[in-house]
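In: Predicted model and sequence below, questions to follow.
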Amino acid sequence: MADLSRLNEKQKEAVLSTEGPLLILAGAGSGKTGTVIHRIAHLIDDCGVSPFSILAITFTNKAAGEMRDRVDAMIGTNAAGIWVSTFHAMCARILRRHAEYLGFTRNFTIYDTDDQKTLMRQLIREKNLDTKMFRERGVLAVISAAKNNRKTADDFYKESVGDYRNMQIAELFRMYQEALLKNDAMDFDDLLNYAIDLLSGFPEVLNYYQERFRYIMVDEYQDTNTAQFELVRLLAGKYRNLCVVGDDDQSIYAFRGANIENILGFEKEYPGAKVIRLEQNYRSTGNILDVANALIKNNHGRKPKSLWTERQGGAKVHYDRYQSAKEEAFRTVREIEKLRDRGADLNEIAVLYRTNAQSRVLEESFIRENVPYHLIGGVNFYQRAEIKDMIAYLKTVESARDDIAVRRIINVPKRAIGKTTVDRITAWAGERDLGFFEACTQADRIPGLGSAAAKKVIGFTGLIGELRKAPDDGIAGLMRRILDETGYIAELKATQTIEDQTRIENLEEFISKAADYEEKSGGEETSLAEFLEEISLVADIDSLDDGSGRVALMTLHSSKGLEFDYVFLTGLEAGLFPSFRSVNDIENNGLEEERRLCYVGITRAKKELFLSSARERMVNGETMRQGRSQFLDEIPADLLDDRTPEEDMPRRGFAFGGSIDGDDSGGDFGYRGFSGRGAGAGTGYGSDSYHGMSERYRKAHGGAGGPGFGKQFPSYDEETARFRKSVLGGGGAKSGAKKTLPDYGVGDLVRHAKFGDGKVLVITEDKRDYMVTVDFEDFGIKKMLAGFAKLEKI
DNA sequence: GGGCCTCAAGTTTTT
DNA sequence: CTTGAGGCCC
């Protein structure tokens, strides 16, 4: 018997309503996931439903993972038969089994955003369109919106007649779909649409899945788009045992085509549907909930509801306005250290922000303060150039059907095959309706191609041929051979740059991931296509709750569905959050979506919530003065513990040298050192690229922190003064101080307090100090300032 | 014909 | 601050 004793009446009712359509309107923190888990347990334990008949669809991999874990914990091994999956992963899995019906092979690959852009760029060029007017990003956005509404290129063309731009886009749309089919690839939207085509076009397939999934649950239903709605409608069409869970106040994906009508109109689509409201919040304190309610009240067009809690009071919601984003980052970390000193578990702390770009300055502070953190989302490991090169090689060795992949690697590493040659091959292949790789194998027959060029191209196809002949020792084995035999690794090793060292490490990591994957599938034939699918669809498998004691850093969007004892909601600034684009998007009620996003962020907090904003922030390499977020003004002042010191309020009498946003407030903050480039406000990381840097951040907590703050940093309290000291003066790498040549040289063994022993690879001279690159035995290659790192020769 | 360098333009959120 | 496109030199 499933134990329902800990559920409230509404939750119990939801658990026991197993037959027919059911809509659970579950407010934030109302025990939604627990209810769904209990419902699954009840179906299996008490209703005799086979686990194989249950399908649970979530929106993100994190949510799917969490549900899987909790179901496993409650039901045990029996749970293995349940499909718990995201929409996209589910579709990929179904499509793989029936891909031939749609003209794909079962080894079709999935295009990510970069692949889409590459293809679209090429099509725009092919059509000789003005690249200023038709940017791949914009074109793809229009196409994606159409696809999310189940429109084909033809549909889109018909409704675009008379509109030059849209007619051109319709044509690109058609070419794009054709190219994908030819390349045996699908994009994210295609996964949904082709799955629908499969189910609606092949009754026996539909029947199979309808019989298979007699009980269907969909989480975060407010975020489903039209295609997802249709997919669910098909699958549930026979037995109608469909349970959807959602909260219109947490709808934050309209920009991706989510249609709020799916949840608001559920009862219309499924007459006789039962509706259960879960309105008791078990997560947050009364004070946090009051703030959330006060904010969301400003939205119109929502289902009226009243979230309540028995846990009145609690700590007040804090608000701090800092001078700069750097200070905000530093003080946030300091606040976290205080919580840690009070016994808080770092796993129970999250720092949230509106845009991924904001994570960087936070990371710097976490590193400097040596507080372990974990970056969720952001720049994906699998999007790094070297990883994508490897994937392109794997695809080419396997089938070479993907022209984009072949073109990507034809000159990587450099083989002196240039753009002109590639264009000529492309044109020739197009005339003959051949694949790009096939055309390459016949390069000597392509007119206009010199014999030298043809020879190089044939050399490339020969190389791929050699790789194909090699013994089958798995994906990892193939990867290693690719690196060796193509000269890829040799090229990276030759340069001796830190970036290329990082790339080598990334490739090693990729190979070990492949090895893990093969091991996991226990000797079974492992398909490259499935491995690549996992990469593109289940990329952020990194479990949050891994007990590693790290603070989670993520966007507000990523935070949905999660909860933490302590939540820091940063960057509450006008133009940033709500973003200025959304504020201007009146047509789609963009501001209301931002407000829901803020509501989501607030309601992640269980015990304490910290809001903050900065007066100054670097945006796209430019220091901008930032106003307060309007959301702060929507929260009654008596609910906030506004800790912004009096003396920190804007002072008058200084001209800021040209008002940036033309707004009122007038004051200057004495920040000359910060404004503008080249004023010493760099991050002190030398020539590292963003990717290389971020990668190192992720791997090493406490890495090569460097000084680099502006010189004029007005202190306004003791803590800031300490901050200045620790950053500007304390480390030993002071601006203007004389630098001393380290007593070690290249090749020497050195010891670092945190990283242990390593070998010095490179020493370069910086304006203020020496930059030392060390290969540590246990931590890999790090770059650090000599004065800061205090390396000891051994 | 290829490769390197400079210049310009763009930047929300995710599967 | 990053990526892409175009120009120029080898």
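Out: Yep, it's here.

In: Which residue, neighbours along the chain excluded, lies closest to A:L25?
Out: In space, and not counting its chain neighbours, A:L25 is closest to A:R277: 4.7 Å by CB to CB, 6 or more residues apart in numbering. Glycine gets a C-beta too; all of them are placed from N, C-alpha and C.

In: can you confirm that neighbour is in a helix?
Out: No - counting by DSSP: H, G, I helix; E, B strand; the rest coil, A:R277 is not found in a helix; it is strand.

In: Surely it touches A:S306?
Out: No - here A:R277 lies out of contact with A:S306, judged by CB atoms under 8 Å, at a distance of 9.7 Å.

In: Tell me how far the nearest residue to A:K274 once chain neighbours are set aside lies from A:Y215.
Out: Excluding the flanking residues, the one nearest A:K274 by CB to CB, 6+ apart is A:L22, at 5.0 Å. Per CB to CB, to the nearest Å, A:L22 is found 11 Å from A:Y215.

In: need the residues of the stretch 551-700 of chain A near DNA strand B, please.
Out: Within the stretch 551-700 of chain A, the positions near DNA strand B by CB under 7 Å from any atom of the strand are A:554-555, A:557-558, A:579, A:581-582, A:585, A:590, A:620-621.

In: Pull out the buried residues from stretch A:481-494.
Out: For stretch A:481-494, a neighbour-count test (16 or more other CB atoms under 10 Å) marks A:481-483, A:486, A:488-489, A:492 as buried.

In: Now tabulate those residues in a markdown table and tack on pLDDT, distance to DNA strand B and secondary structure.
Out: Below are these laid out as a markdown table (pLDDT from 0 to 100; distance: CB to the nearest atom of the strand, whole Å; DSSP: H, G, I helix; E, B strand; the rest coil):
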| residue | pLDDT | distance to DNA strand B | secondary structure |
| --- | --- | --- | --- |
| A:R481 | 95 | 23 | helix |
| A:I482 | 94 | 20 | helix |
| A:L483 | 93 | 20 | helix |
| A:T486 | 92 | 15 | coil |
| A:Y488 | 90 | 15 | helix |
| A:I489 | 90 | 18 | helix |
| A:L492 | 85 | 14 | helix |
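
In: What segments of the stretch 451-600 of chain A are helices?
Out: A:451-469, A:474-485, A:488-495, A:498-520, A:528-537, A:556-559, A:580-584, A:590-602 (DSSP state H, counting those that start in this stretch).

In: circling back: which one's more surrounded, A:R277 and A:S306?
Out: More neighbours surround A:R277 than the other of A:R277 and A:S306, with 17 against 8 (other CB atoms under 10 Å).

In: returning to what we had before: and DNA strand C, which of the residues of the stretch 551-700 of chain A next to DNA strand B reach it?
Out: Among these, the ones lying near DNA strand C by CB under 7 Å from any atom of the strand are A:620-621.

In: out of the residues of the stretch 551-700 of chain A next to DNA strand B, which are buried?
Out: A:554-555, A:557-558, A:579, A:582, A:585, A:590.

In: And for chain A, the residue most distant from the center?
Out: Each residue of chain A has a distance to the centre, and by CA atoms, centre = their mean the biggest one is for A:S451: 45.9 Å.

In: Could you find the closest non-adjacent residue to it?
Out: A:D444 (7.4 Å).

In: Pretty sure that neighbour sits in a helix.
Out: Yes - secondary structure of A:D444 (three-state DSSP): part of a helix.

In: Kindly list the main-chain dihedrals of the residue of chain A found nearest DNA strand B?
Out: Closest contact between chain A and DNA strand B, by CB to the nearest atom of the strand, is at A:G418 (2.3 Å). With angles defined as degrees, to the nearest 10, A:G418 sits at phi -100, psi -180.
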